[in-house]
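K.L.:
just to be clear, the model below is a prediction. Sequence and coordinates:
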Amino acid sequence: MMVRIGTLFSDVIEQCGGVVEGAVKVISGGPMMGFAQWTLDVPVIKGTSGILVLSQEEYVSSDEYSACIRCGSCLDVCPMGLNPSQLSILSEKGFFEETKDYNLFDCFECGSCAYVCPAKRPMVQFMRLAKSQVKP
Ligand code: SF4
Ligand code: SF4
């Protein structure tokens, strides 16, 4: 769809047939880099690449993740050659300064590590948290 900047999410979704029964989450953007929305009364802005409405089956709660099992899958897919596992653990434990030793700021939050993680760890959120706590 092409919509005017400023159009409310609620109006866009309504135009598409409305929120279907069982929808549990709305994301501004794509499934890997998007941001969850807490209301539909937000406008489309220049950077709005899409709006996702997820069903219960499609939604993985960030409360349901578990400890890193060191499978290494995230290292295999990181396009920047980072160690997402280590970065997520340091951020989770509050060792934010130490993340700089693992090139935290090379992470561009693509979400590939989160996508493959069998422990469903919220990797991008860990990266963003650490970035918010340290200066480059
Ligand atoms: S989100 Fe960051 S750490 Fe994870 S795969 Fe992408 S660039 Fe690598
Ligand atoms: S993919 Fe998940 S479980 Fe596997 S090493 Fe990375 S963070 Fe740990």
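P.N.:
Received the coordinates, thanks. Numbers count the residues shown, from 1 in each chain. Ligands and ions are numbered 1, 2, ... in the order given.
K.L.:
tell me how far stretch 22-31 lies from the chain's centre.
P.N.:
11 Å (CA atoms, centre = their mean, to the nearest Å).
K.L.:
could you do stretch 66-83 as well?
P.N.:
In terms of CA atoms, centre = their mean, the centre of stretch 66-83 is found 16 Å from the chain centre.
K.L.:
before we move on, what about stretch 41-59?
P.N.:
12 Å.
K.L.:
average pLDDT for it, rounded please.
P.N.:
What stretch 41-59 shows for mean pLDDT is 89.
K.L.:
name the nearest residue to the residue nearest the centre of the chain, ignoring sequence neighbours.
P.N.:
The centre of the chain sits closest to residue 33, judged by CA atoms, centre = their mean, with a distance of 4.5 Å. Residue nearest to residue 33 in three dimensions, not counting chain neighbours: residue 111, with 5.1 Å by CB to CB, 6 or more residues apart in numbering. Just so you know, the C-beta spots here come from the backbone N, C-alpha and C atoms, and that holds for glycine as well.
K.L.:
distance of residue 35 relative to ligand 1?
P.N.:
14 Å (CB to the nearest ligand atom, to the nearest Å).
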